[in-house]
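Asks: Using only what follows, build the 3D model:
(4 chains)
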2 protein chains.
Amino acid sequence: MQTNLAIVPPISGAPNFVGRLQVISTARDVSADALEAIGTVQSVRAGCGLYAEGDAAGYWYRVTSGVLRTCKLLPDGRRQIDDFLFPGDFFGLEARPDHSFAAEAVTGAAVVRYSRTRLDLLAADDVCVSARLLQLTLKQLGKAHERLLLLGRKTAGEKLASFLLEMLDRSPALDSIDLPMSRTDIADYLGLTIETVSRTFSSLKQNEVVALPNAQRVIILDRDALEELTGDE
Amino acid sequence: MQTNLAIVPPISGAPNFVGRLQVISTARDVSADALEAIGTVQSVRAGCGLYAEGDAAGYWYRVTSGVLRTCKLLPDGRRQIDDFLFPGDFFGLEARPDHSFAAEAVTGAAVVRYSRTRLDLLAADDVCVSARLLQLTLKQLGKAHERLLLLGRKTAGEKLASFLLEMLDRSPALDSIDLPMSRTDIADYLGLTIETVSRTFSSLKQNEVVALPNAQRVIILDRDALEELTGDE
DNA sequence: CGTTTAATTGACCAGTATCAACAGGAGTGG
DNA sequence: CCACTCCTGTTGATACTGGTCAATTAAACG
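Replies: Next up is the predicted model:
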């Protein structure tokens, strides 16, 4: 899917770590300026890991381009994707000293990373920074709770409908989506198998709720129907 | 199960709101003191709601006694319990101006509540407070992610084993649990039905992993076996 | 083009849900 | 004190959603 996939192994079990660093500074206000001053750019190839579960959580990240995923694994290989991360999203800040989940690039991606210790110093100094961190974390918590309901109580059809509307929200287009992730990723995000995801897509196509010119592209034909199908009224 | 259940309707759909207020102050350090100074005690009867989904999120709460639950509902009545809250736990802080989930008492309970606006003022003033808020929120986020894996990828047996070990951690005893919540609550916490929860309990009893003198009491006979059964090694 | 990988589709199966009956306590009233 | 009722939990029979295994198609890459 990506031109560089052949160079580095895109296996999620043991991802490669690739990066190149460079200082940037995109000032907006005082605290944003202070924050940007400690950030360095890092790029990750498609399929590569940024960090693994259990790695030291020394940095906090913001996506500048591309898409990443955070995920957890059970010892027997079952996987749960916690979140897909799009440009503008933050991730990697955790309560414990090491990461409780892995972060991997879905497509080629670039992130800005901030040293956790310097971030803590900044937060200790500037109330605006700490308030912003809290706000962002609370937003993530709210999203996680929404997903608990999805995973615990929704049917396959409701899960996929919710997913498509979520992706549509993040899509530049109003009525179409270009899915950057594979069916396997979607399945592991929704707590389903790839076959069920595929079948549910086919059913949406059959019922003319969406059109599927190819596996990546989704054209929303009937947004109202899709919203009905989410289960949350 | 509770003596006052007959007095107030314990229906989760439309919970009653009962409370009584009183200023307290349990100082430890400067910021804890400042925090406690703005807290008021409120008590909630078993089965009653503290707030509903959609209510203004004007307060932040800490449990002092009893057990509560936070939950979300789908329009057709399906319910997902986000968390059970025990003494010492905090809840109710959210990104948006109103609550995205309801909070209800499982048993008779007492909470301390802090005005959100006064909390924000305190956090803006005292870096210790904001750091503590962030730390607590990050811890909650970590727990939510753990639960995503449970709901998305674990089997009924693994879910119940994980649940029992979680409850054991919070239990005063080392090898027994007194479950404060009903089978329905456990089912809605684990994304199962009450029948499956009951059957899985019976199977654990059959295999002599636990003993069940009555529906509330669980005696752990084989902790190692229970840990094996969680799926996360 | 041939090769490889991802996605779809089909047949069948299993885990969990659903529906229903039954058992065990707790509270109520005679 | 003993039925009687109500409520919660357990157990059984059966159904169905979604999983598993396998074959096929489609797309990507050299």
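
Asks: got the residues of chain A near DNA strand C?
Replies: Counting by Cβ under 7 Å from any atom of the strand, chain A comes close to DNA strand C at A:1, A:182-184, A:194-195, A:197-199, A:201-202, A:212, A:215. In short, each C-beta sits where N, CA and C put it, glycine included.

Asks: Distance-wise, check A:Leu190 relative to DNA strand C.
Replies: Using Cβ to the nearest atom of the strand, to the nearest Å, we find A:Leu190 at a distance of 13 Å from DNA strand C.

Asks: Now do the SS call for the closest residue to that residue other than its chain neighbours.
Replies: Leaving aside its chain neighbours, A:Leu190 sits nearest to A:Lys159 (4.3 Å; criterion: Cβ to Cβ, 6 or more residues apart in numbering or on different chains). Look at A:Lys159: counting by DSSP: H, G, I helix; E, B strand; the rest coil, its state is helix.

Asks: List the residues that contact A:Lys159.
Replies: Residues counted as contacts of A:Lys159 (Cβ atoms under 8 Å, 6 or more residues apart in numbering or on different chains) are A:Leu150, A:Leu151, A:Leu190, A:Gly191, A:Leu192.

Asks: My read is that the third one contacts A:Glu158, right?
Replies: No. In terms of Cβ atoms under 8 Å, A:Leu190 does not count as a neighbour of A:Glu158; the distance is 9.7 Å.

Asks: what is in contact with these two at once?
Replies: Taking Cβ under 8 Å, 6+ apart as the contact rule, A:Leu190 and A:Glu158 both touch A:Leu150.

Asks: Look at those two and report which has more neighbours.
Replies: The residue with more neighbours, out of A:Leu190 and A:Glu158, is A:Leu190; 24 against 20, by other Cβ atoms under 10 Å in any protein chain shown.

Asks: Look at A:Ala17 and report its pLDDT.
Replies: I think there's a mix-up here, since residue A:17 is Phe and not Ala. On the pLDDT scale, A:Phe17 is placed at 42.

Asks: ok, the residue most central in space within chain A to A:Ser176 distance?
Replies: In chain A, the residue lying closest to the centroid (Cα atoms, centre = their mean) is A:Phe84, at 1.6 Å. Using Cβ to Cβ, to the nearest Å, A:Phe84 is found at 17 Å from A:Ser176.

Asks: what's the answer for A:Ala37, then?
Replies: Note on A:Ala37: its distance to A:Ser176, by Cβ to Cβ, is 38 Å.

Asks: Scan the residues of chain A next to DNA strand C and report the most crowded one.
Replies: Neighbour tally across the residues of chain A next to DNA strand C (other Cβ under 10 Å): the maximum, 23 neighbours, falls on A:Val197.

Asks: Point me to the helix or strand that includes it.
Replies: helix A:194-206 (DSSP states H and E).

Asks: So what touches whichever helix or strand comes after that helix?
Replies: Scanning forward in sequence from helix A:194-206 by DSSP H and E, the next helix or strand is strand A:210-211. With contact meaning Cβ under 8 Å, 6+ apart, strand A:210-211 is reached by A:Leu164, A:Phe201, A:Leu204, A:Lys205, A:Val218, A:Ile219, A:Ile220, A:Leu221, A:Asp222, A:Leu226.

Asks: Name the residues of the longest helix seen in chain A that come out as buried.
Replies: Looking across chain A with DSSP state H, the single longest helix is helix A:127-153. For helix A:127-153, the neighbour count (16 or more other Cβ atoms under 10 Å in any protein chain shown) marks A:127-134, A:136-138, A:140-153 as buried.

Asks: other SSEs contacting it?
Replies: Judged by 3 or more Cβ pairs under 8 Å, 6 or more residues apart in numbering or on different chains; DSSP states H and E, the packing partners of helix A:127-153 are helix A:30-37, strand A:79-85, helix A:116-125, helix A:156-170, strand B:68-73, strand B:79-85, helix B:116-125, helix B:127-153.

Asks: any chance of these in CSV, with mean pLDDT too?
Replies: Shown next, in CSV, are these (pLDDT from 0 to 100):
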stretch, mean pLDDT
helix A:30-37, 68
strand A:79-85, 98
helix A:116-125, 92
helix A:156-170, 98
strand B:68-73, 98
strand B:79-85, 98
helix B:116-125, 92
helix B:127-153, 96
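
Asks: Make a markdown table from the ones you listed and add distance to DNA strand D to it.
Replies: Supplementary listing: the helices and strands packed on helix A:127-153 in a markdown table, determined by distance: least, Cβ to the nearest atom of the strand, whole Å:
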| stretch | distance to DNA strand D |
| --- | --- |
| helix A:30-37 | 34 |
| strand A:79-85 | 12 |
| helix A:116-125 | 36 |
| helix A:156-170 | 4 |
| strand B:68-73 | 14 |
| strand B:79-85 | 14 |
| helix B:116-125 | 33 |
| helix B:127-153 | 9 |
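
Asks: between those, which gets nearest to A:Ala102?
Replies: strand A:79-85 (9.5 Å; Cβ to Cβ).
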